[in-house]
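Engineer: how would this look folded up:
(one chain, ligands or ions: 3)
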Amino acid sequence: MGVYQNILTSILKGENLLAVLIDPDKAMLKNIAGFMLKINQSKTTHIFVGGSTVNGNATDVLVKEVKKHTNLPIIIFPGDVNQITDEADALLFLSLISGRNPEYLIGKHVDSISKLRETQLEVISTGYILINGGKQTAVERETNTKPLSVNHIQEVIDTAKAGELLGMKLMYLEAGSGAVNSASNNIIKAIKNELNIPLIVGGGMRTMEQISNAYKSGANMVVIGTVLEEDEAFLDSLHK
Ligand SMILES: CC(C)=CCC/C(C)=C/CC/C(C)=C/CC/C(C)=C/COP(=O)(O)OP(=O)(O)O
Ligand SMILES: O=P(O)(O)OC[C@@H](O)CO
Ligand SMILES: [Mg+2]
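Structural biologist: Ligands and ions are numbered 1, 2, ... in the order given. This next block holds a predicted model:
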């Protein structure tokens, strides 16, 4: 079964999915073995690898190393075309539908095709919605787009629905890496209510309470990154 089909099957079984985001620019390769050991003992279900800016082939190098130490599916969460590597299992083919920068709506996608043709990667069309998380984020800077305001919930909902009607297979609600305010329960509930596709929520989740509230509100998958960069011991509270 492919990665996407597995996600759908897990959701049907009522499972909450947890992705740990590893940033190739920040990860220390020599520490990966110990980190992955803890990951394997935790409730983590997916590994995301990506960053808003990553140098050269750092993603390829990191994925090769991560693979040595886990059987969890490895999914590329790319900020740019150079992060595509055949070493992973799947690629989130993100389109930044909260913004109006054509490069991040379709441009990078066209540019990636010659590389994608040479890979076996499972490509998963994903709507990517950046909402205001209380501070300017790397994605906002890199893409030169504005996040949607959390005070205009209807616009966020309509954006998600438009993405689904365009045929996107996953929706990713992003408050931004290291956000001060993670996505609120209200906004998660409102979006979930409109969508038939799985909902991924990430950005600024630092406590078990935030994570479990996100699931209760309708998130199918929660993504955490910064909290583990700051304190690896948080993984202990995610023990199986
Ligand atoms: C389709 C392909 C191959 C590429 C384009 C993909 C698109 C449209 C990306 C959307 C915009 C973008 C730059 C997303 C980056 C996603 C990501 C990995 C965010 C994590 O950001 P961090 O790198 O953790 O940010 P910090 O450096 O601030 O921690
Ligand atoms: O780094 P954090 O804030 O956990 O966010 C995870 C992910 O949604 C960032 O793109
Ligand atoms: Mg980050």
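
Engineer: what's the burial count for the residue in the chain positioned nearest to ligand 3?
Structural biologist: Using Cβ to the ion, the point where the chain gets nearest to ligand 3 is Ser177, with a distance of 3.4 Å. Where you see a C-beta, it was placed from the backbone N, CA and C, and this is true even at glycine. A count of nearby residues for Ser177, using other Cβ atoms under 10 Å, gives 20.

Engineer: Ile113 - that's part of a helix, no?
Structural biologist: Yes - Ile113 forms part of a helix when assessed by DSSP: H, G, I helix; E, B strand; the rest coil.

Engineer: who in the chain is up against ligand 2?
Structural biologist: Contact residues, the chain versus ligand 2 (Cβ under 6 Å from any ligand atom): 21, 174, 177-179, 202-205, 223-227.

Engineer: With pLDDT as extra columns, can I get those in TSV?
Structural biologist: Compiled in TSV, the residues of the chain next to ligand 2 are given as follows (pLDDT from 0 to 100):
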residue	pLDDT
Leu21	98
Glu174	98
Ser177	97
Gly178	97
Ala179	98
Gly202	98
Gly203	98
Gly204	98
Met205	98
Val223	98
Ile224	98
Gly225	97
Thr226	97
Val227	97
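
Engineer: surely the residue of the chain closest to ligand 3 meets Glu140?
Structural biologist: No - with contacts counted by Cβ atoms under 8 Å, Ser177 stays clear of Glu140, the gap being 10.5 Å.

Engineer: got the residue ranges for the strands in this protein?
Structural biologist: 17-22, 46-49, 74-76, 90-96, 122-130, 170-174, 199-202, 221-224 (DSSP state E).

Engineer: touching ligand 1 at all, the helix or strand that the fourth one is followed by?
Structural biologist: Later in the chain than strand 90-96, the nearest helix or strand by DSSP states H and E is helix 102. No - contact between helix 102 and ligand 1 is absent, the nearest approach being 10.5 Å (criterion: Cβ under 6 Å from any ligand atom).

Engineer: From the contact counts, what lies against helix 102?
Structural biologist: Helices and strands touching helix 102, as assessed by 3 or more Cβ pairs under 8 Å, 6 or more residues apart in numbering; DSSP states H and E, are absent.

Engineer: follow-up on the earlier one: want to try CSV for the strands of the chain, with mean neighbour count as columns?
Structural biologist: Formatted as CSV, the entries for the strands of the chain read as follows, by neighbours: other Cβ atoms under 10 Å:
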stretch, mean neighbour count
strand 17-22, 22
strand 46-49, 24
strand 74-76, 24
strand 90-96, 21
strand 122-130, 21
strand 170-174, 25
strand 199-202, 25
strand 221-224, 23
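
Engineer: any chance you could map the helices in this structure?
Structural biologist: Using DSSP state H, the helices found in the chain span residues 3-12, 32-40, 58-67, 102, 108-116, 138-143, 153-165, 185-194, 208-217, 226-230.
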